[in-house]
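Engineer: can you look at this prediction? I've put the sequence above it.
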Amino acid sequence: MTPEQVAASYDQIAERWLDLSTYGFAQIERAVAFVKRRGVALDVGCGTGRCFDLLARYGFRIDGVDSSPAMIALAQERHPEARLFHADICGWELPRSYDLIVAWDSVWHVPLDRMEVVLMKLCRGLSAGGVLVLSLGGTDGPEEKRNSCMGPPMYHATLGIPKTLHVLAEAGCVVRHLEYDQYPESHVYLIAQRTAGGNLTTCDRVRLGPVEAGDLPRMFELQLDPDSNRMAVTIPRSREAFDTHWAKVLSDPRNIIRAVLFDGKMVGYISSFPMDGQDHVGYWIDRACWGMGIASRALHLLLGEVTVRPLVATAATSNGASVRVLQKCGFVVEEVRLSPASDRYPECEEAVLVLR
């Protein structure tokens, strides 16, 4: 089953989760005891917000994400103070770092082939010292199954305990507690904590976020940089042309525009957009951040969100750095051609790269 199909199944039974069950609360409270700073918590697969009151009692501000629109609607009605996101965790990028992430009986609906990426995402979404409480199938190896025990068809998967522990360690987390809490049923929960003193990699430090009106002055400054324009073989836009262009881009729902954030600071932008009957990608990174792997990581994150294929990208053949970034993410050069001059681009030889 796809995540969309799982969400549709939960839509059918959303109102069953309006009860005030305290299932899993003791385990979440054990996790809270390890949290150093009680700032913002994220509930992954939050459903109707069953855990929100518990988290609020411990002083957390609450974000929640769920793929079921019916669940999210009920949660928002009951908890207007929470910030809620209707999204599939596989493609959704965390908008900030969290002091506590709760993934109780939710991540196991993620397709098995995406499970590792999602777990890494959650770990990297923790603040230093932040805590993840996670439930999973307590098997020795990867497994997946389908059933209809709740009525509608449902899908469950697990990496198994050994692989899960390996992924958490690779992401810089230490497991503080692991328990078969429903033994002899194969249901395990664990508490993992992001080490406070570990060195963060570039992958950890790069995030994508929404582009907002307040970001446009920074974007305008970035596209004026002479060295960046020489590398990209572009001509910077005037203020008027820039404002006209971005007003049009941001008003078109077909365009997916993301700010590239490094340690929370905007260092560029990346986008997917239709052009000449094809879906394209493009990006612009602050010259001060070149050579750090930021563009590669940002493109990797965007490709997790934009699943349409094929995707096309163009780069001047003289811009070897951009060509390498695209190739690193799976794009293949399919054509080299002469691009004529325009008000935005000087004449140059460009490579057309395609991700299929």
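Structural biologist: Thanks, I have it.
Engineer: make it CA atoms for all contacts and neighbour counts henceforth
Structural biologist: OK.
Engineer: domain ranges for the chain?
Structural biologist: 3-199, 203-355 (automatic domain parsing).
Engineer: can you tell me how far residue 307 is from residue 92?
Structural biologist: Distance, residue 307 to residue 92, using CA to CA, to the nearest Å: 12 Å.
Engineer: now do residue 336
Structural biologist: 34 Å.
Engineer: swap in residue 188?
Structural biologist: For residue 188, the distance to residue 92 - CA to CA - is 25 Å.
Engineer: give me the more crowded residue out of residue 307 and residue 92.
Structural biologist: Comparing residue 307 with residue 92 by other CA atoms under 10 Å, the one with more neighbours is residue 92, at 19 against 10.
Engineer: that one and residue 303 touch, don't they?
Structural biologist: No: the pair residue 92 / residue 303 is not scored as a contact, 11.3 Å apart, by CA atoms under 8 Å.
Engineer: list residues touching both of the two?
Structural biologist: The contact sets of residue 92 and residue 303 do not overlap (CA atoms under 8 Å, 6 or more residues apart in numbering).
Engineer: tell me which stretches of the stretch 201-350 of the chain form helices.
Structural biologist: 202-205, 216-222, 226-232, 239-251, 294-305, 320-328 (DSSP state H, counting those that start in this stretch).
Engineer: name the spans of the chain whose pLDDT lies under the cut-off.
Structural biologist: 196-202 (pLDDT under 70).
Engineer: pick out the residue nearest the middle of it.
Structural biologist: residue 93 (2.1 Å; CA atoms, centre = their mean).
Engineer: that's a strand at that one, yeah?
Structural biologist: No: assessed by DSSP: H, G, I helix; E, B strand; the rest coil, residue 93 does not belong to a strand; its assignment is coil.
Engineer: residues contacting it?
Structural biologist: Neighbours of residue 93 in contact, by CA under 8 Å, 6+ apart: 207, 208, 209, 301.
Engineer: and which of those residues is nearest to residue 99?
Structural biologist: When the contacts of residue 93 are ranked by distance to residue 99 (CA to CA), residue 207 comes first, at 16.7 Å.
Engineer: name whatever forms a beta bridge with that closest one.
Structural biologist: Applying DSSP bridges to residue 207 yields these beta-bridge partners: residue 261.
Engineer: for it, give me its contacts.
Structural biologist: So residue 207 contacts 93, 94, 95, 260, 261, 262, 264, 298, 301 (CA under 8 Å, 6+ apart).
Engineer: so the third one makes contact with residue 209?
Structural biologist: Yes: applying CA under 8 Å as the test, residue 95 and residue 209 come out as touching, 6.0 Å apart.
Engineer: give me phi/psi at the residue nearest to the centre of the chain?
Structural biologist: Backbone torsions for residue 93, taken as degrees, to the nearest 10, come to phi -100, psi 130.
Engineer: what of residue 19?
Structural biologist: Recorded main-chain torsions at residue 19 are phi -70, psi 170, according to degrees, to the nearest 10.
Engineer: residue 120 too?
Structural biologist: The phi/psi pair for residue 120 (degrees, to the nearest 10) is phi -60, psi -40.
Engineer: same question, residue 331
Structural biologist: phi -70, psi 150.
Engineer: gap between it and residue 294?
Structural biologist: 17 Å.
Engineer: when those two are compared, which one has more neighbours?
Structural biologist: The residue with more neighbours, out of residue 331 and residue 294, is residue 294; 24 against 20, by other CA under 10 Å.
Engineer: and the gap between the more buried one and residue 203?
Structural biologist: 8 Å.
Engineer: just residue 77 next, same as before
Structural biologist: 36 Å.
Engineer: which one's more surrounded, the two?
Structural biologist: Higher neighbour count among residue 77 and residue 203: residue 203, with 17 against 12, using other CA under 10 Å.
Engineer: for that one, give me its contacts.
Structural biologist: 294, 297.
Engineer: residue 46 now?
Structural biologist: So residue 46 contacts 64, 65, 66, 72 (CA under 8 Å, 6+ apart).
Engineer: next: residue 315.
Structural biologist: 232, 322, 323, 350, 351, 352.
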